[in-house]
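# Predicted coordinates and the sequence they were generated for:
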Amino acid sequence: MIYRKKVGYLRIRYDLTHFKNLQDQLHFLIQSSSDLMPQTTMDSWKQLIDQSIQVYLSENKINLQAVSAKQKRELISGLRDKGLLDFKESSAYVASKLQISRATVYNYLKTTADFKKVHVHQVDAFTNTRFGGNPAGVVLDADELDDATMRKIARELNLSETAFVLQSKKAAFRMRYFTPTGHEVTFCGHSTVGALYMIAKEKRFGIEKEGLYPFEVEALCGVLKMEARVDNHDEIQVAYETPTIKLKKTTISHSEVAAAGGFNEQLINSAFPVMYEETNKDLYVVAKSLDALKKVECDPKTFAQFSKQHDIVTLCVFCPQTFDPENQFHMRCFAPLVGIPEDPFTGSVLGGLAAYVDSFGLLRKKALNRFQVEQGHFIERPGVVKVEFERKGKAYHAKVFAQAVHCFSTEINLA
């Protein structure tokens, strides 16, 4: 077999026109993108930081010199979220712009990360037995929470009230109270008890060992005197001064209350008037007996409308008969306007109750300036509280002494 060797040349030509077109298009896209979002060169990240700060100042209508510590923390958090603190000298640059130290920037970044998580406690107030009394939500570190977030937390916990503890310029600290419907109330007794209990339990605001620790606390109703007592076994008791008591007569009749609540007027003792406490917006009615009080109902829909019409937060129906002979009064409280069909135990009504029972001679003579109240037995959450009061002229002042039980703590992630 003969093999013939052929020698030739293969000429290949490449048409680069398409490659050139693709290159031009890619260059155009990159250039257009860079025009819309500048490359993060040394100069450009500084410009973006400056722009972000100016936008923040403009939105909040303030100048750089007026920025508070809280606002600086918010600014730094926003810059971090945009990735503008990822550059080598960016933290130093931000520190110089905001006139703080670089260490403060790092501290703000850490605390901002921590604030993404909210520690929430549930405390059973006005009882020394778990699952008794009134469960209250408590948030001890609420300074970085806005109103909308506090309302969402209160709605999520779905307790009658949640107390939020914040810093105060006029007192040791400040308390705000929100219901599940998002209403902010001027004062709440059981969540105050819960908050004071957790403050003592976690050794906040100077509490270190056994002893009595008094505080002045800011609330929407004013600055109130409160205290926590810790014994040598770490048992905790708390007390609070009630808001200013303004009990007055009302034109609302017994029949109107019964009709709005949807219960028989015959359950009410008409020998005692319907009274209204102006500070907490509470209405007081006396039931004929403990058995009559058990039969009292309160239609949430109709009484909410009635409450709105007459500016009522809580209806307190009580009688001088009790389950425990050590107590002087049993009460039931209804507040459907703020999302509470029936409250297990209501601390905010106790100041007005003190003025009522003293004014109309319902106290036993052996205890002229103190009494104990029970509540919650009809809804299987029994609780008890001691109230001391004094009268100066026509003005009443009352102090409430209570116990509480820590039920559980959890963490809500806001991120």
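Nice, I can see it. Numbering: from 1, shown residues only.
# Leaving out the residues flanking it, which one is nearest to residue 100?
Distances taken as Cβ to Cβ, 6 or more residues apart in numbering put residue 72 closest to residue 100, at 6.6 Å, once the chain neighbours are dropped. (C-beta placed from N, C-alpha, C; glycine too.)
# what about that neighbour, neighbour count?
The number of residues packed near residue 72 is 19, by other Cβ atoms under 10 Å.
# swap in the one 10 residues further on?
By other Cβ under 10 Å, 13 other residues sit near residue 82.
# got it, and the one 5 residues further on?
A count of nearby residues for residue 87, using other Cβ under 10 Å, gives 16.
# so where's the stretch 1-150 of the chain uncertain?
Scanning the stretch 1-150 of the chain for pLDDT under 70 picks out 1-43, 111-115.
# again, only this time at 90
Counting by pLDDT under 90, the stretch 1-150 of the chain shows low-confidence ranges at 1-46, 56, 58-91, 102-117, 144.
# ranges for the strands of it?
117-125, 134-139 (DSSP state E, counting those that start in this stretch).
# and among these, the most buried is which?
Mean neighbours per residue, mean count of other Cβ atoms under 10 Å, is largest over these for strand 134-139, with a mean of 28.
# roughly how far is that strand from the heart of the chain?
In this view, strand 134-139 has its centroid 9 Å away from the chain centroid, taken as Cα atoms, centre = their mean, to the nearest Å.
# what does stretch 184-203 give?
Relative to its parent chain, stretch 184-203 has a centroid offset of 10 Å by Cα atoms, centre = their mean.
# in that stretch, what's buried?
Within stretch 184-203, the residues scored as buried using 16 or more other Cβ atoms under 10 Å are 184-201.
# Which of these fall in strands?
Using DSSP state E, the subset of these located in strands is 184-185.
# Look up how far residue 93 lies from the residue nearest to residue 100.
Using Cβ to Cβ, to the nearest Å, residue 72 is found at 14 Å from residue 93.
# Just list the residues touching residue 413, thanks.
Each residue near residue 413 by Cβ atoms under 8 Å, 6 or more residues apart in numbering is listed here: 116-117.
# do residue 218 as well
With contact taken as Cβ under 8 Å, 6+ apart, residue 218 is in contact with 168, 170-171, 173-175.
# now could you export just the CA positions of stretch 117-132 as CSV?
C-alpha atoms of stretch 117-132 as CSV (Å, rounded to 0.1, in the frame of the first residue of the first chain):
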residue,chain,number,x,y,z
LYS,A,117,-33.3,41.6,70.2
VAL,A,118,-35.9,42.6,72.9
HIS,A,119,-36.0,40.7,76.2
VAL,A,120,-39.5,40.3,77.4
HIS,A,121,-40.7,39.0,80.8
GLN,A,122,-44.1,37.8,81.9
VAL,A,123,-44.9,38.3,85.6
ASP,A,124,-48.0,37.3,87.5
ALA,A,125,-48.8,40.3,89.6
PHE,A,126,-50.9,40.7,92.8
THR,A,127,-50.2,37.0,93.8
ASN,A,128,-47.5,34.9,95.3
THR,A,129,-48.7,31.8,93.3
ARG,A,130,-47.8,31.2,89.6
PHE,A,131,-50.8,31.4,87.3
GLY,A,132,-52.7,33.6,89.8
